[in-house]
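*Asks:* Here is my input, please return the structure:
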Amino acid sequence: MLLRRITEHVKAQNWTAVALDFVIVVVGVFIGIQVSNWNAARVDHVREARYLNNLAVEIREEVVALDEMMLAHRVRITVIDRMLTDAVGAPPRREAKMSAPSNTIDVARKIPAPEFFPIDEDERDYFLTYGILARTFNEKNSTFRTLRSTGDITILRDETLALDITDYYANIEDLVYFEGGTARHARDATTTVARRHGFNPFGDNSYDLVVTALQEDPEFTASLRALHNVSILNHFVIANLKREAEEILARLPDSED
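*Replies:* Got it, this is the predicted structure:
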């Protein structure tokens, strides 16, 4: 209809009307584009809100898992300290200094051990098991994986938040890698030596017999010292990750309800 009117105005050489018709066309196209952009932006904002809510839920669950891992390491450090003290008359050094993911900790620093965890003396026959068993980390990163694989990370308008989330999950990957490498090797080495002495790494063992075996076998003692060292480092890394997670959560929607 508009095209027919423009044609008629051209034939009549009514250039003012033609110009007005063109203005109407341009304004109409512009408004159409703007409406389309507004609708696209609204859809992106809805998707962004959904992503942020899901991230908040998953990171909050990861904080719980990190807390459980920190507790497990505190228990391990406590019982190994006690076993080695009773076996050799001196506790292991309450610090660690070893290679680790470079973007997670400063490898040149001495890492202090966490506070001991109070354990009932009646549980002594389980000390070796507490020292070997570990709680593995269960990642809850499906939302971040989706953001990264689809390129939707650009939907997050807060670029600093997007970078912090990316760094956080990179550090999570480092933790998982470390747990599956150095930490697992230290646990496996201690488990092998303990089994060679006839101990059950997953049940109760006479505490006095464990102490005697440690006194008689330098390899057993060395394996526990290594595990003690790794746990101090692991606890430090996990504590840093938890702080990162909590800082990110403070900027995400509260999705606990």
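
*Asks:* which secondary element of this structure has the worst mean pLDDT?
*Replies:* In the chain, the helix or strand scored least confidently by mean pLDDT, DSSP states H and E is helix 2-11, which has a mean of 53.

*Asks:* Next, the contact list for residue 214, please.
*Replies:* Going by CB atoms under 8 Å, 6 or more residues apart in numbering, residue 214 touches 83, 84, 87, 88, 220, 221, 224. For the C-beta atoms, the positions are set from N, CA and C on the backbone; glycine is no exception.

*Asks:* Return the distance of it relative to residue 224.
*Replies:* In this view, residue 214 and residue 224 are 7 Å apart by CB to CB, to the nearest Å.

*Asks:* now swap in residue 193 and tell me
*Replies:* 9 Å.

*Asks:* quick one, what contacts the residue nearest the centre of the chain?
*Replies:* Centroid-nearest residue in the chain, with CA atoms, centre = their mean: residue 172, separated by 3.6 Å. By CB under 8 Å, 6+ apart, the residues touching residue 172 are 62, 137, 139, 141, 241.

*Asks:* mind checking the SS state of it?
*Replies:* Following DSSP: H, G, I helix; E, B strand; the rest coil, residue 172 is assigned to helix.

*Asks:* any idea of the pLDDT on it?
*Replies:* Per-residue confidence (pLDDT) for residue 172: 92.

*Asks:* okay, now the closest residue to residue 156 other than its chain neighbours: neighbour count?
*Replies:* Of all residues not flanking residue 156 in the chain, residue 162 sits nearest, at 4.2 Å (CB to CB, 6 or more residues apart in numbering). Residue 162 has 15 neighbours, counted by other CB atoms under 10 Å.

*Asks:* Please tell me I have it right and residue 162 contacts residue 148.
*Replies:* No. Taking CB atoms under 8 Å as the definition, residue 162 is not a contact partner of residue 148, at 10.4 Å.

*Asks:* Could you tell me how many residues sit around residue 78?
*Replies:* Residues lying near residue 78 (other CB under 10 Å) number 22.

*Asks:* Relative to residue 118, how far out is it?
*Replies:* Distance from residue 78 to residue 118, by CB to CB: 8 Å.

*Asks:* distance of the spatially closest residue to residue 87 that is not a sequence neighbour from residue 76?
*Replies:* Leaving out its chain neighbours, the residue that sits closest to residue 87 by CB to CB, 6+ apart is residue 214, at 3.6 Å. Distance of residue 214 to residue 76, computed by CB to CB: 15 Å.

*Asks:* can you check residue 248 too?
*Replies:* Applying CB to CB to residue 248 and residue 76 gives a distance of 28 Å.

*Asks:* Quick check on those two: which one has the bigger neighbour count.
*Replies:* residue 76 (27 against 18).

*Asks:* Could you double-check that that one sits in contact with residue 127?
*Replies:* No. In this structure, residue 76 is not within contact of residue 127 by CB under 8 Å, at 9.7 Å.

*Asks:* what bits of the stretch 151-257 of the chain have low per-residue confidence?
*Replies:* 255-257 (pLDDT under 70).

*Asks:* And the helices in it?
*Replies:* With DSSP state H, counting those that start in this stretch as the criterion, the stretch 151-257 of the chain has helices at 159-178, 184-196, 207-216, 218-249.

*Asks:* among those helices, which is the most enclosed?
*Replies:* Greatest average neighbour count among the helices of the stretch 151-257 of the chain goes to helix 218-249 (a mean of 20), per mean count of other CB atoms under 10 Å.

*Asks:* Tell me the helices and strands packed up against it.
*Replies:* helix 15-88, strand 95-96, strand 111-112, helix 127-132, helix 159-178, helix 184-196, helix 207-216 (3 or more CB pairs under 8 Å, 6 or more residues apart in numbering; DSSP states H and E).

*Asks:* Repeat the analysis, applying 7 Å as the threshold.
*Replies:* Helices and strands touching helix 218-249, by 3 or more CB pairs under 7 Å, 6 or more residues apart in numbering; DSSP states H and E, are helix 15-88, strand 95-96, strand 111-112, helix 159-178, helix 184-196, helix 207-216.
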